[in-house]
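# need a 3D model of the sequence below.
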Amino acid sequence: MIENDILTFYREISKERVLVLVNTTVDALCAWKILQSLLHIDNVQYTLIPVDGRAHLENAFRTHSDQNTTVVLIDCGGNFNVTELLEPLPDSQIYVLDSHLPFHLDNLYDGEVVKVVISEAHDLEVPRYEDVYEEDSDDEGEPGRKRRREEEDEDEDSLLPRKERWKRKREELLYSYYELAGYGVSVSHMMYELAWKLSRDNLQFLWWAVVGVTEQLMCARISRDQYVSTFASLQQHVQRLNGAGAGDVSVNEMKIRYTNELRLDLYRHWTLMESLKVSPYTATRFRIWTTKGKKKLNEFLADMGLPLMQCNQMFGSMDMEIRKDVCNWIEVTAQKYGLEDITYSSFELHYGYRNKYCAADTFSAVYTALTDPSKDTEAAFLRAQDTLNRQNEKLIATGIDNSKQLCCGLLNQVQAFIEMKQVVCTGPFVYAVIQDGSAELELFSHPARLNRLCRYLREAYCAIFKKAASLPFVIAAPLHLDPDYSCVVGVPALVIDSNKSYLGRAFVQASDKVNASVEFDDFDGAVMQIKTEDKAKFFDALTVLLMS
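Modelled structure (predicted):
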């Protein structure tokens, strides 16, 4: 039985100095902010190292593990063999809090050095220990605590059929278990649950959890159903912490309020027209890159009775009466244009009388800072951490401005792919390649941004070719600093609501088949780096593999 609960985890790490290795995702950053606050309360010393891949994780561990026997991995380490990569000493204690699924079975069944922290919200379907690990010390990849067979005196020939059946069943179990990769419980949500169980939760911790969960939704890491379930849990905490006086906000008081959020990027900080044009949800459904699409957008605005002059003003400068009602107008009119899901449930943070922060906008500002290709990992992480602080209004404003540039770049690149007919359907999957020298290349030199571009292209292409909705999408781009290598990112088919993908395993098999020079360094299995000259034969091998 796997029982590594969040309270036990915290009691153990709070006994001595701890090394914390944090993945460079918004969810991980939010989880770290909550944990950091808890460690400060208990006067626990720590060393923080942000890591953006397995090689970085290994190097950071080897550099700092001699001073820290207790190690925490946040949003990384769950889906690969930690002991094999890090080679920790026997007295080390490595705690893994990760949203990546499936968890590697060697991590789950280790129980001594590596301990995967399991949330109550995890719905894990894990093979039984005895079905995976043969009770014989000669097997590879088994954890240190293997049991011996009690039937050693049994005739060896009579055991062969049973062992063969066991091995065959084991292969089937492992294939089924590792076949699909995806995401589970948000690590910031897990960390907030820890604070709640310690009776130390507050609205600030809750807001960080909201932003972390928002990343999972905005980056399509979880399905709508998963988000609704998590949102319901967060809403209960919001109602409890806001208290009876939720309607009154004093000068320095925080409140978190429910909002029916529009799926329009940064519209509060932009013109409504620009937001409608660049947001993936509306841009792809209107096919905004076409003349007909632009005309349809104008018809949509006319149906609402919105003057173009108002739509082309900054949202905050629109007439107050229009600004007050426009969200409701959009929601009602959207039904006529096939935009039934233009809203979703979310939260806003109110701080005093003036400051109001939307969860999606806060995520966008932090995400853009965290994935800034012009900064190294540590500098980008620290910048994003400062942006997450609600008191740093200038940094938040800068992050939002940079997010606007990214939104425009995404639309420009998707439009270029489509107009130049650079999207290739091979049969079992669809792919596109950003050419070296492209104007937008540097903007997408971070794997997370390339993933976002891939999802945008998937929606746009499927709006034109409906049958492509059942196919996964892949994008490749030469590395900005080393064009001899390319980054390849894959996303699951649009019609698959589970958001789980088989592309990670397929990438490994296809690259092995053609002996391509590749690196799987990212914590997401559907991201890899490949020698640019091997890219064509890799795509050919992937086509053959997925057709079989």
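# any weak-confidence spans in the stretch 1-150 of the chain?
For the stretch 1-150 of the chain, the stretches with pLDDT under 70 are 1-3, 121, 135-150.
# so which residues of it form strands?
Using DSSP state E, counting those that start in this stretch, the strands of the stretch 1-150 of the chain run over 18-23, 46-51, 70-74, 93-97, 100-101, 114-116.
# then the stretch 401-548 of the chain?
424-425, 430-433, 473-478, 485-491, 518-519, 527-531.
# I'd like these as JSON lines, with mean neighbour count and distance to Ser364 appended.
All C-beta atoms are positioned from the backbone trio N, CA, C, and that covers glycine. Shown next, in JSON lines, are the strands of the stretch 401-548 of the chain (neighbours: other Cβ atoms under 10 Å; distance: least, Cβ to Cβ, whole Å):
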{"stretch": "strand 424-425", "mean neighbour count": "14", "distance to Ser364": "31"}
{"stretch": "strand 430-433", "mean neighbour count": "22", "distance to Ser364": "24"}
{"stretch": "strand 473-478", "mean neighbour count": "24", "distance to Ser364": "21"}
{"stretch": "strand 485-491", "mean neighbour count": "23", "distance to Ser364": "19"}
{"stretch": "strand 518-519", "mean neighbour count": "18", "distance to Ser364": "29"}
{"stretch": "strand 527-531", "mean neighbour count": "20", "distance to Ser364": "21"}
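# mind putting these in JSON lines, distance to Arg17 included?
Formatted as JSON lines, the strands of the stretch 401-548 of the chain follow (distance: least, Cβ to Cβ, whole Å):
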{"stretch": "strand 424-425", "distance to Arg17": "52"}
{"stretch": "strand 430-433", "distance to Arg17": "47"}
{"stretch": "strand 473-478", "distance to Arg17": "41"}
{"stretch": "strand 485-491", "distance to Arg17": "36"}
{"stretch": "strand 518-519", "distance to Arg17": "32"}
{"stretch": "strand 527-531", "distance to Arg17": "33"}
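# could I get those in CSV, plus columns for mean pLDDT?
Output for these, formatted as CSV (pLDDT from 0 to 100):
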stretch, mean pLDDT
strand 424-425, 96
strand 430-433, 97
strand 473-478, 96
strand 485-491, 96
strand 518-519, 94
strand 527-531, 96
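# ok so, going back, of all the strands of the stretch 1-150 of the chain, which lies closest to Glu171?
strand 100-101 (20.4 Å; Cβ to Cβ).
# who does that closest one pair with, and is each partner parallel or antiparallel?
strand 182-183 (antiparallel) (DSSP bridges).
# I figured Asn81 hits Leu105, correct?
No. With contacts defined as Cβ atoms under 8 Å, Asn81 does not count as touching Leu105, sitting 9.0 Å away.
# neighbour-wise, which of those two wins?
Neighbours were counted for Asn81 and for Leu105 using other Cβ atoms under 10 Å; Leu105 has more, 21 against 16.
# now the nearest residue to the more buried one once chain neighbours are set aside: how far from Ser346?
In space, and not counting its chain neighbours, Leu105 is closest to Val132: 5.8 Å by Cβ to Cβ, 6 or more residues apart in numbering. Per Cβ to Cβ, to the nearest Å, Val132 is found 40 Å from Ser346.
# before we move on, what about Ile222?
For Ile222, the distance to Ser346 - Cβ to Cβ - is 14 Å.
# OK, contacts around the residue nearest to Leu105?
Leu105, Tyr109, Arg170, Leu173, Leu174 (Cβ atoms under 8 Å, 6 or more residues apart in numbering).
# among those residues, which are in helices?
Leu105, Arg170, Leu173, Leu174 (DSSP state H).
# now the residues you listed in a markdown table, with distance to Phe205?
Shown next, in a markdown table, are these (distance: Cβ to Cβ, whole Å):
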| residue | distance to Phe205 |
| --- | --- |
| Leu105 | 32 |
| Arg170 | 42 |
| Leu173 | 39 |
| Leu174 | 38 |
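# I'd like to know which of these are buried.
The neighbour-count criterion (16 or more other Cβ atoms under 10 Å) marks Leu105, Arg170, Leu173 among the ones in helices among the contacts of Val132 as buried.
# ok, of the residues you listed, which one's closest to Val71?
Closest approach to Val71 among those (Cβ to Cβ): Leu105, at 20.2 Å.
# A helix includes Ser199, no?
No. Under DSSP: H, G, I helix; E, B strand; the rest coil, Ser199 sits outside any helix and is assigned coil.
# quick one on the thing from earlier: out of the ones in helices among the contacts of Val132, who's nearest Gln216?
Looking at those and their distance to Gln216, the nearest is Leu105, at 24.0 Å (Cβ to Cβ).
# who touches that closest one in this structure?
Residues in contact with Leu105 (Cβ under 8 Å, 6+ apart) are Val126, Pro127, Val132, Leu174, Tyr177.
# mind listing the helices for the stretch 251-400 of the chain?
With DSSP state H, counting those that start in this stretch as the criterion, the stretch 251-400 of the chain has helices at 272-278, 280-286, 291-304, 308-311, 320-334, 359-370, 377-387, 393-419.
# quick one, which of these is packed in tightest?
Mean neighbours per residue, mean count of other Cβ atoms under 10 Å, is largest over the helices of the stretch 251-400 of the chain for helix 359-370, with a mean of 26.
# please compute how far that one lies from its chain's middle.
Relative to its chain's centre, helix 359-370 lies at 13 Å (Cα atoms, centre = their mean, to the nearest Å).
# Val366 against Thr24, yeah?
No. With contact defined as Cβ under 8 Å, Val366 does not reach Thr24; the gap is 11.1 Å.
# compare the strands of the stretch 1-150 of the chain and give me the one nearest Ser233.
strand 93-97 (17.2 Å).
# other SSEs contacting that closest one?
Helices and strands touching strand 93-97, by 3 or more Cβ pairs under 8 Å, 6 or more residues apart in numbering; DSSP states H and E, are helix 6-13, strand 70-74, helix 82-86, strand 114-116, helix 187-197.
# recalculate using a threshold of 10 Å.
Applying 3 or more Cβ pairs under 10 Å, 6 or more residues apart in numbering; DSSP states H and E, we find strand 93-97 packed against helix 6-13, strand 18-23, helix 26-41, strand 70-74, helix 82-86, helix 105-108, strand 114-116, helix 187-197.
# coming back round to it: farthest-separated two in the contacts of Leu105?
Checking the contacts of Leu105 with Cβ to Cβ, the most distant pair is Val126 and Leu174, at 11.4 Å.
# for the spatially closest residue to Trp289 that is not a sequence neighbour, give its distance to Lys294.
Distance criterion Cβ to Cβ, 6+ apart; nearest residue to Trp289, sequence neighbours excluded, is Gln415 at 4.1 Å. Distance, Gln415 to Lys294, by Cβ to Cβ: 12 Å.
# hmm, back to that, can you redo the contacts of Val132 as TSV with distance to Ala460?
Shown next, in TSV, are the contacts of Val132 (distance: Cβ to Cβ, whole Å):
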residue	distance to Ala460
Leu105	38
Tyr109	43
Arg170	43
Leu173	39
Leu174	37
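# closest to Phe286 among those?
Nearest to Phe286 among the contacts of Val132: Leu174, at 45.2 Å, using Cβ to Cβ.
# can you tell me the closest non-neighbouring residue to the closest one?
Val132 (6.9 Å).
# again with Phe381
Pro50 (3.8 Å).
# neighbours around that neighbour, how many?
25.
# start the count at 70, not 1, going forward
In the new numbering, first residue 70, that becomes Pro119.
# thinking again about what came up before, relative to Glu241, how far out is the residue nearest to Leu174?
Taking Cβ to Cβ, one finds Val201 at 11 Å from Glu241.
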